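K.L.:
Here is my input, please return the structure:
(2 chains)
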There are 2 protein chains.
Amino acid sequence: MELTRSVFKHLQKICGKANVTKHKEERLCYSYDATGNSFLPDAIVFPGSEKEVSQILSLASKEELIIVPRGAGSGMTGGSVPVKGGLVMVFSRMNKIIEIDENNLFVKVQPGVIVSDIHKCVEEKGLFYPPDPASSSVCTIGGNIGECAGGPRAVKYGVTRDYVLGLSAVLPSGEFIQTGVTTAKGVAGYDLTRLIVGSEGTLAIVTEITLKLLPKPETIKTMAIFFDSTQKAAQTVSTIMREAVIPRCVEYLDEACLHLVKDYLSFDLPDSIKALLIIELDGNSGRVEKDAKNIKELCVSQGALDVVIAKDQTQAQTLWDARKALSPVLYKIATNKINEDIVVPIDKIPDIVQVTQNIQKTYGLKVVSFGHAGDGNIHCNIMYNKTDENESKRAIKAVDELFTATLALGGTITGEHGVGLTKMKYLPKEVGRTEIKIMKGIKKVFDPKNILNPGKIFN
Amino acid sequence: MELTRSVFKHLQKICGKANVTKHKEERLCYSYDATGNSFLPDAIVFPGSEKEVSQILSLASKEELIIVPRGAGSGMTGGSVPVKGGLVMVFSRMNKIIEIDENNLFVKVQPGVIVSDIHKCVEEKGLFYPPDPASSSVCTIGGNIGECAGGPRAVKYGVTRDYVLGLSAVLPSGEFIQTGVTTAKGVAGYDLTRLIVGSEGTLAIVTEITLKLLPKPETIKTMAIFFDSTQKAAQTVSTIMREAVIPRCVEYLDEACLHLVKDYLSFDLPDSIKALLIIELDGNSGRVEKDAKNIKELCVSQGALDVVIAKDQTQAQTLWDARKALSPVLYKIATNKINEDIVVPIDKIPDIVQVTQNIQKTYGLKVVSFGHAGDGNIHCNIMYNKTDENESKRAIKAVDELFTATLALGGTITGEHGVGLTKMKYLPKEVGRTEIKIMKGIKKVFDPKNILNPGKIFN
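P.N.:
Alright, predicted model coming up:
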């Protein structure tokens, strides 16, 4: 339904005049996300409390107004873009770290808290919140809940879902719900917590999150391994993961990546380099030293060109620079990229690497691959120029082929970015009709009027 | 609906005559579980394949016949008892370990596999499936999925839910579904996998399970710590959990337990003992030795009477005997027990210990407590004689008070046993009306005719 003047006034009454806007500039600012897709919302609302969220949703439900929850807009699949207009709900005012419980190892936060702020706060107390998506310095925990964010440390520590003990949320009707526990275990009734995590803001609006914490690891050890063949690198990842120690990160960069970042590095790359692994171990210091040595030996036996073990945090940072410099320099190749976060079984990494090389040839487009190889999660970036109609068409075909190959290898089309808008048409490739029918049924239970983030995941 | 002769014949046609029975003796055998609750089913069916499960469900759906899935019947809350009659579906024929993928660290199993058989098979290949409920030598993985089983290792490794990558299942309509992935990550659509895990056989019948595996830890170190005060023991647990190393088990036994098992032990207990902790560490051998020493020092500083570190596996087994001997000897106190698997935040363990002591006094019933203290999951056994009407009434009141206190301490009424039948009336103490309404809505999406395990979790 349309946002009438009286509804707008009602919203102002709920949140205060300063916290609702329909200025064109602001609507533009909240129209897009990291995909570059852009749809103008009718207005933007900044609730300050759970109560305000509930009042807004009650009103929206009555008026059948669309509500699109939004964190920092750093999502990679259009999860937060208002594809059907409506109100964008932004959580920048609900950004408090409510409680860190050091005895029981949990933290309670509001959805608008920046993920790296959680990291800092809990680490100061000797605790650790493992999920660390690449965007952690800007993205919000609410967005992470929506998409079930992952990141490099997932290889050892799992993803957002594995750390959410419980949620406070508001249903589209405006009713409050509480899910989960603040304890280590809990099985009372259906697992609504993990149903809401990863539901991309389509089931309920999360207003408070209880996250499980771990004791902070004593030491971190970073190492870089150079290979003259992508296949050797991929094979090494698979071999490392069979060892009794799971690294906290196993990142992979292909030749195209290395070519792009080499000028930004403070160390030289061997001429024959075709792939780089960055491996990070954590734990007790004696143990970590030993593991690093073992992994070095293993890499050498797998034919690595060279292995560099960082001596200190500064040198570790230097090694990470290769990975961090990537995202911005990608645009040197082409003005646009399609970044797909496919996952394959670890021992199928060599096969998917081959697939991307074939796609590159077939479609005449540069495909740059890097990512969390330790859990088989490769970010394939298909580079193209949007203004070139023919290139755009080829890029779409390339994505289609990439997904088909990924699924044929026993993988998934999305490891951590979600389906959102951009993968919606591909979901039926992976998820069957009966399963989607069940998902739609669940959506209807939570949101019978389809006012929460419609036009996402499935149509 | 009634099980007519023609429907029975149809079932025989689907599964073979040998695999359906309505003999009184067999119906009795499948009428109860570990709670002692007993309800006669109309018949028992033993499907041999996913296809047979689907055909049975199609038929049941058409005839509106109740289906109650059953593992080994070792459940603690009546999850598998046919409270409203119908067909009990037993998975003893679907007991294959289908595939162990050593490269990608997962195992595919059928629901009827005994959990300890999974342990054995994967450990032979140097891999590890952590969840290990006390009943693992008899219980099935299907039952573990139904209840989201936990066990002592959950303190370090998490519960069943954390290891289920994907499921094949059949809906009450007979339709097949596939959920989840065989990869480390995956977020395509709503998380149906974790919705089905812990749904106590009320949403779908699971026919194949993909479980995540870990590399097998190099060494295990077991230690026993004696305390002259339950409060000191409880405080020590809370302190240990704040250290940077999380033990794989932290088991707690109270004075009543120790009194019961002391004659069965091959070591002497100090006279002044009031509580025992059994702690188990795993990992690299050097590391584990060091951690054991650290924990010993910590325990001594917390006022432990004595600390015994097992020198080898045989001595470790001796320490575990105290815990293993418990269940059978409990019946020396009284003929019946109500075993409640409450969970409280770790630092509230001293409070809940106090609560059980008060309950004991108030109701004149022996309360024996032991359990997975490392995650705050205490099994409180309220002992009574069922034939004594007055004792039975007091036992019910005691449970009520225990749950109220648990929830007031920020805990949950069930950590790993599920709600089933016996906790159904208590669920609304923990889970709100709106949340239950949503759960019932979800139930209806999966099972519109309410034929799957009705009369469980919520009415």
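K.L.:
use CA for all of it now, contacts and neighbours both
P.N.:
Noted.
K.L.:
Look at the closest residue to chain B within the stretch 151-300 of chain A and tell me its secondary structure.
P.N.:
Among all residues of the stretch 151-300 of chain A, A:Gly186 sits closest to chain B, at 4.2 Å; criterion: C-alpha to the nearest C-alpha. Per DSSP: H, G, I helix; E, B strand; the rest coil, the local secondary structure of A:Gly186 is coil.
K.L.:
right, quick check: the lengthiest helix in chain A against chain B, any contact?
P.N.:
Scanning chain A for the longest helix, with DSSP state H as the assignment, gives helix A:389-408. No - Helix A:389-408 is not in contact with chain B by C-alpha under 8 Å from any C-alpha of the partner chain; minimum separation 10.2 Å.
K.L.:
just to revisit the earlier point, for the residue nearest to the residue of the stretch 151-300 of chain A closest to chain B when sequence neighbours are not counted, grab the count of nearby residues.
P.N.:
What sits nearest to A:Gly186 in space, not counting adjacent residues and going by C-alpha to C-alpha, 6 or more residues apart in numbering or on different chains, is B:Gly415, at 4.2 Å. Each residue near B:Gly415 was counted by other C-alpha atoms under 10 Å in any protein chain shown, and the total is 32.
K.L.:
pretty sure A:Lys423 is touching A:Asn459, no?
P.N.:
No - with contact defined as C-alpha atoms under 8 Å, A:Lys423 and A:Asn459 do not form a contacting pair (11.4 Å).
K.L.:
Same drill for the two, tell me which one is more crowded.
P.N.:
When neighbours are counted by other C-alpha under 10 Å, A:Lys423 and A:Asn459 differ, and A:Lys423 comes out ahead with 21 against 10.
K.L.:
residues in contact with the more buried one?
P.N.:
If you count contacts by C-alpha atoms under 8 Å, 6 or more residues apart in numbering or on different chains, A:Lys423 has them with A:Thr77, A:Ile457.
K.L.:
Using the three-state scheme, assign A:Ser137.
P.N.:
coil.
K.L.:
picking that back up, can I assume the residue of the stretch 151-300 of chain A closest to chain B is in contact with B:Val343?
P.N.:
Yes - proximity of A:Gly186 to B:Val343 meets the contact threshold set by C-alpha under 8 Å, at 7.4 Å.
K.L.:
between the two, which one's more packed in?
P.N.:
The residue with more neighbours, out of A:Gly186 and B:Val343 and counting by other C-alpha under 10 Å, is B:Val343; that gives 34 against 29.
K.L.:
Mind listing the residues bridging to that one?
P.N.:
Note on B:Val343: beta-bridge partners by DSSP bridges are B:Asn377, B:Thr412.
K.L.:
How about the contacts made by it?
P.N.:
Residues near B:Val343 by C-alpha under 8 Å, 6+ apart: A:183-186, B:375-378, B:406, B:411-415.
K.L.:
Pick out the one among those with the largest number of neighbours.
P.N.:
Taking other C-alpha under 10 Å as the neighbour criterion, B:Asn377 ranks highest of these with 35 neighbours.
K.L.:
is chain B contacted by the helix or strand containing A:Ser238?
P.N.:
Per DSSP states H and E, A:Ser238 falls inside helix A:230-240. Yes - applying C-alpha under 8 Å from any C-alpha, one finds helix A:230-240 touching chain B at A:Ser238, A:Thr239.
K.L.:
in the stretch 301-450 of chain A, which spans are strands?
P.N.:
A:306-309, A:336-343, A:367-372, A:377-384 (DSSP state E, counting those that start in this stretch).
K.L.:
Identify whichever of the ones you listed lies nearest to A:Ile438.
P.N.:
Evaluated over those, closeness to A:Ile438 peaks at strand A:336-343, with 23.9 Å, by C-alpha to C-alpha.
K.L.:
Please name the nearest non-neighbouring residue to A:Lys337.
P.N.:
Take A:Lys337 and drop its neighbours on the chain: the residue closest to it by C-alpha to C-alpha, 6+ apart is A:Met383, 4.4 Å away.
K.L.:
residues near that neighbour, how many?
P.N.:
Other residues near A:Met383 number 24, with proximity taken as other C-alpha under 10 Å.
K.L.:
what's the one residue in the stretch 1-150 of chain A that gets nearest to chain B in contact with, if anything?
P.N.:
Closest residue of the stretch 1-150 of chain A to chain B, C-alpha to the nearest C-alpha: A:Asn104 (5.5 Å). Residues in contact with A:Asn104 (C-alpha under 8 Å, 6+ apart) are A:Thr183, B:Ser238, B:Pro345, B:Ile346, B:Asp347.
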